[in-house]
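Asks: Here is a sequence with its predicted model. Questions after.
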2 protein chains.
Amino acid sequence: MTTLPGSCPGVVAHSSGNHAQAVARAAKVLGLPAVIVMPENAPALKRERTAADGARVVTVGNDSEERKTKALQIARDEGLQMVPPYDHPLIAAGQGTCAVELIEDLRVRGVTLDRFYAPISGGGLMAGCATAVAALSPTTQIIGVEPTDGDDTRQSLASGQRIAVAPPQTIADGLRVRTPGELTWPVIQRYVHRIETVGDQEMLEAMAWALFRLRVVVEPSGAASLAVALREGAGNHGVVLSGGNVATATLCMALEAGRSPQSKTV
Amino acid sequence: MTTLPGSCPGVVAHSSGNHAQAVARAAKVLGLPAVIVMPENAPALKRERTAADGARVVTVGNDSEERKTKALQIARDEGLQMVPPYDHPLIAAGQGTCAVELIEDLRVRGVTLDRFYAPISGGGLMAGCATAVAALSPTTQIIGVEPTDGDDTRQSLASGQRIAVAPPQTIADGLRVRTPGELTWPVIQRYVHRIETVGDQEMLEAMAWALFRLRVVVEPSGAASLAVALREGAGNHGVVLSGGNVATATLCMALEAGRSPQSKTV
């Protein structure tokens, strides 16, 4: 495990968008330079917001392995501290604090979770959350959610080893990682009870549901676990809505999906 | 001042939509029948949500005085308790609790408000909020916001007496009341420092700003005070976003407004 030294000359990260913005903002707060490696197909909004916090944005191709390689090279060449998007114990632990807060808030109200849903991409969010849920709420069923064409964790759990899938084309740009993280994988294997997959249309319908019922804007990746929770029905369920950085065109698609007769929004 | 008796046989209210839903929900929780008088031009969504909580919805014309008359008649004919949308001390006090909570939350963080913005329709929300702000945060400037064609409070303050305007056509369906309330008017006259008006396009742009910056869905009425706060610039300002019941078509208009080059959303 590495930690940021007091004399850290700056940070570098690779991300499709949300980790990018988090690192850029943290670096700005700490007064450190930041370089963020992002894919060409990241939403323009995420690139703009990352740059708006003063980070230098480096654009590479759309493969998650390609941007990891580029970020490692920049870290080596420029002597910067790498802040990985998921495959690091402190990153996973930090992302898991949302589950700790959720369980503590519910405990005050005397509520125990029946199920806990979170999306899985590289698995940092789920590894952290699942560790917290298993420790603090051991009767809760833990459900990971992946896009239909990015079900590497589902396939990995079925076969007992890490499987890589082809680059996913899902609308959920935050869930396009092709294989479970090295460090997150054994944690997920240990604590996650099952994986469910979700397609683009169902994510868009869940976005519309969140807009009209929760009055909250979530991006497709952020609506993935909500979509599965809605499919599986009522109960005391915790759902992580991870990400609200969505382009106008995608929001319009969600509104269109919310109009369809199959929709849960009316 | 009237209070709900223990033997209350049911409630009746008149409202363009948000008070309707609040009364319907409260009646459901208390196990009381509820009748809500709504205008023909209330958004379908607001009517549906009111009915979904078990209230009987009675539709009349679009004038706020007409629905008040109808509600009073139903109260008399059916022996129901009237719950007015704004012109009652307990209603105004209840609506003002949002300002109390805001100021208390900020006090913990050592922040004092420079300005406080809330919309004015009948004036219950503002009468309650202004009373709270004046008492708890006396250095804060209190600014009321009205639609351009529903500026009855602005005209009333200028002339020193309650003025009625023609039925407003503004997109802000929650702000179409034509004259200040009898009881709210002297409170507003005493505590509100100034009134600003806002047009439909600026409300739609503020809705887009809330969608993309706050990730929150607000209706045009709810975006009115945000629009003025954005126009007047940075500072420690409190803004009441009152209402998130918005039809798909109006959300699409806001997204379109957010695309315009004059927009503050990019």
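Replies: In hand now; what should we look at? Numbers count the residues shown, from 1 in each chain, chains lettered A, B, ... in the order given.
Asks: C-alpha from now on. contacts and neighbour counts both.
Replies: Will do.
Asks: for the record, mean pLDDT for stretch A:86-104?
Replies: Stretch A:86-104 carries an average pLDDT of 96.
Asks: so residue A:143 is in which element?
Replies: strand A:141-147 (DSSP states H and E).
Asks: Residues of the stretch 51-200 of chain A that sit close to chain B?
Replies: Taking Cα under 8 Å from any Cα of the partner chain as the contact definition, the stretch 51-200 of chain A does not meet chain B anywhere.
Asks: Where does the stretch 51-200 of chain A get nearest to chain B, which residue?
Replies: residue A:52 (10.9 Å; Cα to the nearest Cα).
Asks: burial count for that residue?
Replies: 13 (other Cα atoms under 10 Å in any protein chain shown).
Asks: again, but for the one 4 residues further on
Replies: For residue A:56, the number of neighbouring residues by other Cα under 10 Å comes to 17.
Asks: Then residue A:7?
Replies: For residue A:7, using other Cα under 10 Å, the count is 6.
Asks: so it is in which element?
Replies: When elements are assigned from DSSP H and E, residue A:7 belongs to no helix and no strand.
Asks: Residue A:218 against residue A:208, yeah?
Replies: No. In this structure residue A:218 lies outside contact range of residue A:208 using Cα atoms under 8 Å: 9.0 Å.
Asks: all helices of chain A, in order?
Replies: Under the criterion DSSP state H, chain A carries helices at the ranges A:18-30, A:44-52, A:64-78, A:89-95, A:97-108, A:124-136, A:152-159, A:184-191, A:200-209, A:220-232, A:248-259.
Asks: Flag every buried residue along the fifth one.
Replies: Judged by neighbour count (16 or more other Cα atoms under 10 Å in any protein chain shown), helix A:97-108 contains these buried residues: A:98-100, A:103-104.
Asks: Report all helices and strands that it contacts.
Replies: Judged by 3 or more Cα pairs under 8 Å, 6 or more residues apart in numbering or on different chains; DSSP states H and E, helix A:97-108 is in contact with helix A:124-136.
Asks: do the last one as well
Replies: Contacts defined by 3+ Cα pairs under 8 Å, 6+ apart place helix A:248-259 against helix A:200-209, helix B:248-259.
Asks: closest one to residue A:143 among these?
Replies: Taking Cα to Cα as the criterion, helix A:200-209 is the member of the helices and strands packed on helix A:248-259 that comes nearest to residue A:143, at 16.3 Å.
Asks: Identify the residues contacting the closest one?
Replies: Defining contact as Cα atoms under 8 Å, 6 or more residues apart in numbering or on different chains, one finds that helix A:200-209 is touched by A:147, A:170-172, A:217-221, A:223-224, A:226-227, A:230, A:253-255, A:257-258, A:263-265.
Asks: Compute the inter-axis angle for it and helix A:248-259.
Replies: For helix A:200-209 against helix A:248-259, the angle by axes from the mean of the first three to the mean of the last three Cα atoms, to 10 degrees is 90 degrees.
Asks: centre of the chain versus helix A:200-209, how much separation?
Replies: Put simply, helix A:200-209 sits 17 Å off its chain's centre (Cα atoms, centre = their mean, to the nearest Å).
Asks: Extract the C-alpha trace of that helix and format it as PDB.
Replies: C-alpha atoms of helix A:200-209 as PDB (Å, rounded to 0.1, in the frame of the first residue of the first chain):
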ATOM      1  CA  ASP A 200     -29.300   0.300 -21.700                       C
ATOM      2  CA  GLN A 201     -33.100   0.700 -22.000                       C
ATOM      3  CA  GLU A 202     -33.700  -0.400 -18.400                       C
ATOM      4  CA  MET A 203     -31.000   2.000 -17.200                       C
ATOM      5  CA  LEU A 204     -32.600   4.900 -19.100                       C
ATOM      6  CA  GLU A 205     -36.000   4.000 -17.600                       C
ATOM      7  CA  ALA A 206     -34.500   4.000 -14.100                       C
ATOM      8  CA  MET A 207     -33.000   7.400 -14.800                       C
ATOM      9  CA  ALA A 208     -36.400   8.700 -15.700                       C
ATOM     10  CA  TRP A 209     -37.800   7.100 -12.500                       C
END
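Asks: that older thread, which stretch in the helices and strands packed on helix A:248-259 has the least confidence?
Replies: Among those, helix B:248-259 carries the lowest mean pLDDT, at a mean of 88.
Asks: Return the set of buried residues in stretch A:31-50.
Replies: Buried residues in stretch A:31-50, defined by neighbour count with 16+ other Cα under 10 Å: A:32-39, A:42-43, A:45-47, A:49-50.
Asks: Can I get it in PDB? Just the C-alpha atoms.
Replies: Taking Å, rounded to 0.1, in the frame of the first residue of the first chain, the C-alpha atoms of stretch A:31-50 are listed here in PDB:
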ATOM      1  CA  GLY A  31      -2.800  22.500  -4.000                       C
ATOM      2  CA  LEU A  32      -1.200  19.700  -6.100                       C
ATOM      3  CA  PRO A  33      -0.900  19.500  -9.900                       C
ATOM      4  CA  ALA A  34      -3.000  16.700 -11.400                       C
ATOM      5  CA  VAL A  35      -2.900  14.800 -14.700                       C
ATOM      6  CA  ILE A  36      -5.900  12.700 -15.600                       C
ATOM      7  CA  VAL A  37      -5.900  10.200 -18.400                       C
ATOM      8  CA  MET A  38      -9.400   9.800 -19.900                       C
ATOM      9  CA  PRO A  39     -10.800   7.800 -22.900                       C
ATOM     10  CA  GLU A  40     -11.800   9.500 -26.100                       C
ATOM     11  CA  ASN A  41     -15.400   8.500 -25.600                       C
ATOM     12  CA  ALA A  42     -15.800  10.000 -22.100                       C
ATOM     13  CA  PRO A  43     -18.700  12.400 -22.000                       C
ATOM     14  CA  ALA A  44     -17.500  16.000 -22.900                       C
ATOM     15  CA  LEU A  45     -19.100  17.100 -19.700                       C
ATOM     16  CA  LYS A  46     -16.800  14.900 -17.600                       C
ATOM     17  CA  ARG A  47     -13.700  16.100 -19.400                       C
ATOM     18  CA  GLU A  48     -14.800  19.800 -19.000                       C
ATOM     19  CA  ARG A  49     -15.500  19.400 -15.300                       C
ATOM     20  CA  THR A  50     -12.100  17.700 -14.800                       C
END
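Asks: Apart from its neighbours in sequence, what residue is nearest residue A:189?
Replies: Among residues not flanking residue A:189 along the chain, residue A:157 sits closest, at 6.5 Å (Cα to Cα, 6 or more residues apart in numbering or on different chains).
Asks: ok, that neighbour to residue B:59 distance?
Replies: Residue A:157 is 57 Å from residue B:59, where distance means Cα to Cα, to the nearest Å.
Asks: just residue A:145 next, same as before
Replies: As judged by Cα to Cα, residue A:145 and residue B:59 stand 44 Å apart.
Asks: So those two - more neighbours on which side?
Replies: Neighbours per residue, other Cα under 10 Å: of residue A:145 and residue B:59, the larger number sits with residue A:145, 28 against 17.
Asks: contacting residues around the more buried one?
Replies: Residue A:145 touches A:117-120, A:195-198, A:224-225, A:228, counting by Cα under 8 Å, 6+ apart.
Asks: who's residue A:38 bridged to?
Replies: When bridges are called by DSSP bridges, residue A:38 pairs up with residue A:59.
Asks: is it true that it touches residue A:59?
Replies: Yes. Using Cα under 8 Å, residue A:38 makes contact with residue A:59 at a distance of 5.0 Å.
Asks: quick revisit: just send the helices of chain A back as a markdown table, with distance to residue B:183 too.
Replies: Shown next, in a markdown table, are these (distance: least, Cα to Cα, whole Å):
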| stretch | distance to residue B:183 |
| --- | --- |
| helix A:18-30 | 48 |
| helix A:44-52 | 47 |
| helix A:64-78 | 63 |
| helix A:89-95 | 50 |
| helix A:97-108 | 40 |
| helix A:124-136 | 52 |
| helix A:152-159 | 62 |
| helix A:184-191 | 60 |
| helix A:200-209 | 39 |
| helix A:220-232 | 45 |
| helix A:248-259 | 41 |
